[in-house]
Each structure stands twice: as structure tokens, then as C-alpha cells.
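**Student:** structure for this input, please:
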Amino acid sequence: MTVVGLDDTDSRELGMCTTYVATRVAERLANVKRLLLVRLNPAVPYKTRGNAALAIHADCDSDVAFDVAREELESLSADGDEATNPGLVVADGDAAAVPADVRTFARDALWEHHEIADAEALLERHGYRSWHVGDGRGRIGALAAVGAWRAFDDWTYECISYREPDRWGTPRDVDAESVFAAAEWGYPTVWDTVDRDEDELVCVPHTPCPILYGIRGDDPDAVRDVAERIEGEPVDRHQLFVTNQGTDAHLRDATIADVRDGGAYRLEGTVVSEPETRRGGHVFFTLAAEGSASNASSDAGGDASANGDRLECVAFEPTKRFRDRVRTLRVGDRLTVCGEISDGTCKLEKVAVRELVRTERVTPVCPDCGRTMESAGRNQGYRCRDCKTHADGKAAVALERDLEEGWYEVPPCARRHVAKPLVRDGFDGPTHPER
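**Tutor:** Residues are numbered from 1 along each chain as shown. Predicted structure coming up:
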């Protein structure tokens, strides 16, 4: 087998798409077994759009594959953008048997930030052929794509339909009604095609790239069938990709003290500040590590202020109705939060409510007259001046909550490519999927 890795051929302004380049390469190679669409670390600052790298697995001569891929890269890459630095890596051998350090490189490309020198050292060590334009950064993603089949074990599918070339850069003509109908037909096997509440076609991009729409799901036949049900402008070609999209492969289990900017994590903690809506509609709260927030809901109002045990979390305005869930959180709720760390803040992708505060502490009421008691002095409880009754402290009363335990997620219109939608299996609790 020959494995061809490609990356960094597109541009935010000029268009193109590495999936299209890979499709063109695959059409010219013999005995193609699969095409991988591999999402890498979404926090990388120098990514073009979705930070995807591509791999082609084919039973063909590696020299032929190198020449074909280079020719297509030179022809199609958006070389007018100085931020675009195409890279190509070609490796002989089975994709499932790449060396352990290449597998690790691919795994870390979703968790860390690699340097160009890291890729160059591995290319030299294993004798992989490579080619690049510009600073060579595209070889990082290309090498990660080569190692991805061994690095990951949860795969989904995307069927991408491409536009006729003379339509690139013009408004897309897609019949919205047919997309919503196809999405309903394919759900839940096919997901994130539309956002019903926002009335948005999630599968249709807004950039000048060659993609008309991309259909994602857990079954290859289902994503193809949904794509075929959509009406609109003529489709130039379809291509099925095996992908790590929708898998949460970017998340690492960690403690609040361990997180670093540029990584994405799954964290446990307790809410220690009331959610606050700030300018722009973004909703913030503070999460404290387990144990450090033990007094957070006491009468005095605890303060988990030790270094590294608190983390600000935010649901940004584009997450829409997810913010309403976050706004209902209360001090003392126990959570699992998932998201990327940026400037010391967790940008929420999903939240699991593990335990809800079910009571609240209030100033007691006099049992004789029904009036609210007054403080009897510091640490002396409460009293009713008229009835001379006394209470040692605040009273616990039942608290109605507009929230249930379980997992909550941002809506499809705000979902990252690699984030796992709740409609898929494998979550450790009840789920409340967004459609």
C-alpha cells in the first residue's frame, strides 16, 4: 500500500479545499482503498479554515503517487495566499502499520502544536518522500494524515458534493426545503446537516471553496443517500471520506490545574460563581476543581482561590440556545465541561450536569407570625423580635430547577467539526441532543 498525505492547499479568501485536491489525486490513482479526512488541533493559530489534512490509501506505485499528487497540488493550491503552504508526504507500506513515532505524531497533532522541525526529523528518519511550497508547514498535517489510520479508532463518514468549477465563488443554489427533508429522513444516523431551531443549512459552506455541501454521519450508505436527496445546482462530483469528525478525538481528560492554552480538555468541577451575561451576549461562570470548592455554597460564600484550582468558562453568543442552559446553572452544581482553553478560559462545547443543587439556604420565617426573621448578630442565628422565636441558621428550602442531569451541547450551527454530537453513542449519562 501507498499512503499519500496532503495538507494546507486552501485559503479563507481565495477558496479551494484540500478535500477537492485529494479527490482529484485519487481519481488519477489505481486501486484507491479509502480517503481519510483528518481534523487536527482546532486551536492551531495558523490553520486556514477547518484544519483538515487528507490521506489517500491506494495499492499503487509510490513514485507514481508522488508525481500525481505533486502535479495536482501545484495546479490547484491557492498559492496566491501567503498563509497557504501546501505539503505532501508519501509513504510506502500499510497505513495500519506506520511506525509508532508517526502514530504518536498524528495523535499529538490533535492535542499539541507541532513545529516544522518535528515533521522534518520524522520524514528523514523513515525515508518518506515529501514536497512543499512556502515554509513547509503543510508537511505537518500531511505527515499527521499518514499516521492517522493507526492513531485513531473512532471513524465516521462524510460525503462531499462538489460544484462545477465555473460556479466556484458564486452564490450556491441549494433547495433548502429538500435539505431539511433529507436531514429528517437520515437522522439520527446522519447528523449536523441542518440546525432546525436556527433554520440554518449547516452542511452548506459560506466560503468560495468548491464544496456544494457535505453530509456527515455514522454510515457510508446513509450519507450518500442523503446527499442524493438534496436538490439544487448541478453536482460536478461526489466523494466519500472516512473521517475523525464527530468523535471528540481532540479532548483529553485532565484536571483544572493541568490545562494549558491551545489544548482541549474534559474537566470535572463545581460551579463557584453565578453565570453572568456580559457584553456581546457571552455567558461566563467559574468552575473550581473538586475538593477546592467544598464551601462554595455555605452561608459565608466559599472562595476556592488556591492557585490553579479555578477556571473561567464561557458559552459564546454563537452557541445560541446552549447559553440558556448555562444561565440556569447555580453555585454548587457539579459538572463535566468540554472545550478548548484560550487565554485561560474554557470555550464550552458541551457540558454534563452530574449533580444539581436541589435546595437553597434562605433567611428563616418565624413559625408563629410568618414574618421573615432578622439576624441576631454575627454567628448568633436569627430571631423574631416580636415573637421572641429563634433559629440557629438559614433554612433549607426546595429549589425548582429548569435543568436535568445529563449532557448538553452547543447546537449544530456552532459545532466544531471534530466535536462529537450527543446523538452518537458512548456518553456516560443521559443526553439532550440538539437538532
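**Student:** which helices and strands does the longest strand along the chain pack with?
**Tutor:** In the chain, with assignment by DSSP state E, the single longest strand is strand 345-355. In terms of contacts (3 or more C-beta pairs under 8 Å, 6 or more residues apart in numbering; DSSP states H and E), strand 345-355 is packed against strand 264-271, strand 310-315, helix 322-327, strand 334-342, strand 406-409. C-beta coordinates here come from the backbone N, C-alpha and C atoms, glycine included.
**Student:** same list (those) but as CSV, adding mean pLDDT.
**Tutor:** Shown next, in CSV, are those (pLDDT from 0 to 100):
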stretch, mean pLDDT
strand 264-271, 96
strand 310-315, 97
helix 322-327, 96
strand 334-342, 96
strand 406-409, 98
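**Student:** and of these, who's closest to residue 191?
**Tutor:** Taking C-beta to C-beta, strand 406-409 is the member of the helices and strands packed on strand 345-355 nearest to residue 191, at 11.2 Å.
**Student:** direction included, what does the helix or strand that comes right after that closest one pair against?
**Tutor:** Using DSSP states H and E, the next helix or strand after strand 406-409 towards the C-terminus is strand 431-432. Take DSSP bridges as the rule and strand 431-432 pairs in its sheet with strand 406-409 (parallel).
**Student:** okay, the partner strand in PDB with CA atoms only?
**Tutor:** Listed next in PDB are the C-alpha coordinates belonging to strand 406-409 (Å, rounded to 0.1, in the frame of the first residue of the first chain):
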ATOM      1  CA  GLY A 406     -27.100  14.700  31.800                       C
ATOM      2  CA  TRP A 407     -25.200  16.000  28.700                       C
ATOM      3  CA  TYR A 408     -25.900  19.300  26.900                       C
ATOM      4  CA  GLU A 409     -24.200  20.500  23.700                       C
END
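**Student:** please, where are all the helices along the chain?
**Tutor:** For the chain, helices defined by DSSP state H occupy the ranges 18-28, 62-76, 100-108, 116-126, 138-151, 176-186, 220-229, 322-327.
**Student:** closest to residue 170 out of those helices?
**Tutor:** Going by C-beta to C-beta, the one of the helices of the chain nearest residue 170 is helix 18-28, 16.2 Å.
**Student:** I figured residue 118 hits residue 106, correct?
**Tutor:** No: at 11.8 Å, residue 118 does not count as touching residue 106 under the criterion of C-beta atoms under 8 Å.
**Student:** tell me which of these two has more neighbours.
**Tutor:** Neighbour count, other C-beta atoms under 10 Å: between residue 118 and residue 106, residue 106 has more, with 26 against 17.
**Student:** which ones are touching residue 114?
**Tutor:** Neighbouring residues of residue 114 by C-beta atoms under 8 Å, 6 or more residues apart in numbering: 105, 108, 140, 144.
**Student:** how close does the second one get to residue 404?
**Tutor:** Noted for residue 108: a distance of 37 Å to residue 404, by C-beta to C-beta, to the nearest Å.
**Student:** before we move on, back to that, just flag the most distant two among the contacts of residue 114.
**Tutor:** 108 and 140 (10.5 Å).
**Student:** what number of residues lie near residue 260?
**Tutor:** 10.
**Student:** just give me the neighbour total for the closest residue to residue 135 other than its chain neighbours.
**Tutor:** Setting aside the residues directly before and after it, residue 135 is nearest to residue 85 in space (C-beta to C-beta, 6 or more residues apart in numbering), at 5.2 Å. As a burial measure, residue 85 scores 24 neighbours (other C-beta under 10 Å).
**Student:** how far away is residue 85 from residue 407?
**Tutor:** From residue 85 over to residue 407 (counting by C-beta to C-beta), the distance is 38 Å.
**Student:** same deal with residue 30?
**Tutor:** 45 Å.
**Student:** now swap in residue 110 and tell me
**Tutor:** 21 Å.
**Student:** the two - which one has more neighbours?
**Tutor:** Legend: neighbour count by other C-beta under 10 Å for residue 110 and residue 407, higher for residue 110 (26 against 18).
**Student:** ok, the more buried one - contacts?
**Tutor:** Contacts of residue 110 (C-beta under 8 Å, 6+ apart): 39, 40, 41, 144, 244, 249, 250, 418.
**Student:** what's the pLDDT at the second one?
**Tutor:** Right, the one you point to is residue 40. pLDDT for residue 40: 93.
**Student:** shaky segments in this structure?
**Tutor:** 10-16, 45-50, 78-83, 292-307 (pLDDT under 70).
**Student:** please redo it, this time with the cut-off set to 80
**Tutor:** 9-16, 44-50, 77-84, 291-308 (pLDDT under 80).
**Student:** how's it carved up into domains?
**Tutor:** 2-151, 156-243, 251-358+399-432 (automatic domain parsing).
**Student:** out of these, nearest to residue 385?
**Tutor:** That would be domain 251-358+399-432 among those, by C-beta to C-beta, at 21.1 Å.
**Student:** can you give me the end-to-end distance of that closest one?
**Tutor:** One end of domain 251-358+399-432 to the other measures 20 Å (C-alpha to C-alpha, to the nearest Å).
**Student:** just give me how far it sits from the chain centre.
**Tutor:** Distance of domain 251-358+399-432 from its chain centroid, counting by C-alpha atoms, centre = their mean, to the nearest Å, is 15 Å.
**Student:** go on, stretch 124-138?
**Tutor:** 28 Å.
**Student:** then stretch 398-411?
**Tutor:** That offset, for stretch 398-411, works out to 21 Å (C-alpha atoms, centre = their mean).
**Student:** show me which residues of it are buried.
**Tutor:** Within stretch 398-411, the residues scored as buried using 16 or more other C-beta atoms under 10 Å are 403, 406, 407, 408, 409, 410, 411.
**Student:** including distance to residue 77, could those residues go into JSON lines?
**Tutor:** Converted to JSON lines, the buried residues of stretch 398-411 look like this (distance: C-beta to C-beta, whole Å):
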{"residue": "403", "distance to residue 77": "48"}
{"residue": "406", "distance to residue 77": "45"}
{"residue": "407", "distance to residue 77": "40"}
{"residue": "408", "distance to residue 77": "40"}
{"residue": "409", "distance to residue 77": "35"}
{"residue": "410", "distance to residue 77": "32"}
{"residue": "411", "distance to residue 77": "34"}
